[in-house]
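In: generate coordinates for the sequence data below:
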Amino acid sequence: MALPPPAEWGPAILESGWAYAILALVASYYLGKVLVRVLGRRVARRFERPSVTRTVLRVIRTGALVVGVLVAMRLIGVPITNIALSVTVFSAVLGLVLAPIIGSVINGLFVLADHPYEIGDMIELTDTGQRGFVEDMTLRYTKIFTLENTFLVIPNSTIRERDVINYSAEDERTRLEMTAGVTYEGNLQEARQIMEDGAAEVPQVISGGPDIRIGSARYPAAPTCQIEAFGDHGITLTLRYWATQPYRLSAISSAVHERVWDRLEAAPDVEIAYPHQHHVFDETSGTARVDLEGERRS
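Out: Numbering: from 1, shown residues only. Presented below is the predicted three-dimensional model:
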């Protein structure tokens with residue numbers, strides 16, 4: 001097929017519909033952006049969840065672009081029925097290759113429906129111990145901004161099968177605990193009071209107030225120290241307290257340990273327990289030869 005002279009390229013393009021097709025694509029792109037801007041607040045008020053809101057707006061923007069592509073194909077004379085048939089056959093062949101992606105999308109719908117976490121929540125993956133804030137949720141993956149200042153992108157097909165701890169879904173207060181051992185000869189009640197007061201001095205620890213309700217149970221808001229066990233070398237005490245900032249649990253725990261240590265060290269009637277071993281020799285122990293100051297004795 002002979003090409004028209006360069007002077008006739010403009011009219012030829014107009015007659016073939018390519019210019020209008022390009023215009024339709026550009027218009028659909030900007031139409032999607034306008035729809036997202038206009039409907040963004042309404043969608044946000046309707047669903048009240050950032051993850052669902054972002055997903056709906058992405059679908060609206062993609063839908064506008066798909067409509068523009070179909071209009072552009074119509075303008076250049078491409079038969080839609082043939083394209084639909086070709087896409088159907090191609091999709092059937094490509095289905096096995098795209099199965100993991102399709103699985104992630106389906107699992108993404110379940111994640112949005114189950115609502116185990118939301119954008120902005122702090123979560124922890126129990127199998128790896130990684131913690132961070134949920135930065136974004138799509139139909140294919142969940143993006144986590146870790147406390148190490150890195151991004152973690154996890155496909156929804158795998159994150160749905162993992163145990164996830166949500167520290168900030170409804171209540172950011174998190175209960176922590178520490179254990180310490182004191183000797184049997186020391187003042188047990190004073191040791192318990194010292195540990196409770198030491199934890200209450202940390203600013204991020206709740207020092208008192210109404211009981212905290214977890215389900216049908218209620219727990220004291222102030223730090224509490226209880227006897228855990230009577231061990232071989234001392235009495236094991238467990239201190240439980242509530243932290244207000246879930247993203248600083250390690251720092252809060254370290255601060256509580258430091259305060260408790262300082263107070264126990266300064267208490268004259270309390271001694272921290274550690275393993276002791278006493279060797280007792282009698283007539284059944286046999287004999288031992290030792291060297292004291294260079295002399296041999298038996």
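In: contacts and neighbour counts: CA atoms only from here.
Out: Noted.
In: looking at the biggest helix by length in the chain now, give me its mean pLDDT.
Out: If each helix of the chain is counted by residues according to DSSP state H, the longest one is helix 18-47. For helix 18-47, the mean pLDDT works out to 78.
In: okay, buried residues for that helix please.
Out: 18-22, 24-25, 28-29, 31-33, 36, 40, 43-44 (16 or more other C-alpha atoms under 10 Å).
In: what bits of the stretch 51-200 of the chain have low per-residue confidence?
Out: Across the stretch 51-200 of the chain, the ranges flagged by pLDDT under 70 are 51, 78-103, 169-170.
In: can you give me the helices for it?
Out: Secondary structure of the stretch 51-200 of the chain, counting by DSSP state H, counting those that start in this stretch: helices at 80-94, 99-114, 156-159, 188-200.
In: show me which residues of the third one are buried.
Out: Spelled out, it's helix 156-159. Asn156, Ser157, Ile159.
In: and His278, what are its phi and psi?
Out: Torsion angles at His278 (phi, psi; degrees, to the nearest 10) stand at phi -110, psi 130.
In: against His233, how distant is it?
Out: From His278 across to His233, the span is 12 Å (C-alpha to C-alpha, to the nearest Å).
In: could you check which of those two is surrounded by more residues?
Out: With neighbours defined as other C-alpha atoms under 10 Å, His278 and His233 compare such that His233 has more, 16 against 5.
In: so the more buried one is in which element?
Out: Using DSSP states H and E, His233 maps to neither a helix nor a strand.
In: and the residue nearest to it when sequence neighbours are not counted, what's its pLDDT?
Out: Using C-alpha to C-alpha, 6 or more residues apart in numbering and skipping the chain neighbours, the partner closest in space to His233 is Pro275 (5.6 Å). With respect to pLDDT, Pro275 has a value of 79.
In: how about Leu237?
Out: pLDDT recorded at Leu237 is 93.
In: name the surrounding residues that touch the one helix or strand it maps to.
Out: Using DSSP H and E, Leu237 falls within strand 235-243. Outside strand 235-243, the residues within contact range by C-alpha atoms under 8 Å, 6 or more residues apart in numbering are 173-184, 192, 195-196, 199, 204-206, 221-230, 249, 252, 273.
In: at 6 Å instead, please
Out: Strand 235-243 is contacted by residues 173-182, 204-206, 223-229 when judged by C-alpha atoms under 6 Å, 6 or more residues apart in numbering.
In: send the alpha carbons of it over as PDB?
Out: Extracted C-alpha coordinates of strand 235-243, given in PDB (Å, rounded to 0.1, in the frame of the first residue of the first chain):
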ATOM      1  CA  ILE A 235      11.900 -15.900  94.200                       C
ATOM      2  CA  THR A 236      10.900 -15.100  90.600                       C
ATOM      3  CA  LEU A 237       8.800 -11.900  90.300                       C
ATOM      4  CA  THR A 238       6.900 -10.800  87.100                       C
ATOM      5  CA  LEU A 239       6.200  -7.200  86.500                       C
ATOM      6  CA  ARG A 240       3.400  -6.300  84.100                       C
ATOM      7  CA  TYR A 241       2.800  -2.800  82.800                       C
ATOM      8  CA  TRP A 242       1.100  -1.000  79.900                       C
ATOM      9  CA  ALA A 243       3.000   1.000  77.300                       C
END
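In: what's near enough to touch Ala266?
Out: If a contact means C-alpha under 6 Å, 6+ apart, then Ala266 has no contacts.
In: quick one: it from Asn107, how far?
Out: 56 Å.
In: grab the nearest non-local neighbour of the one residue sitting closest to the centre of the chain.
Out: For the chain, Ile123 is the residue whose C-alpha lies nearest the centre (C-alpha atoms, centre = their mean; 2.3 Å). Excluding its sequence neighbours, the residue lying closest to Ile123 (C-alpha to C-alpha, 6+ apart) is Asn166, at 4.4 Å.
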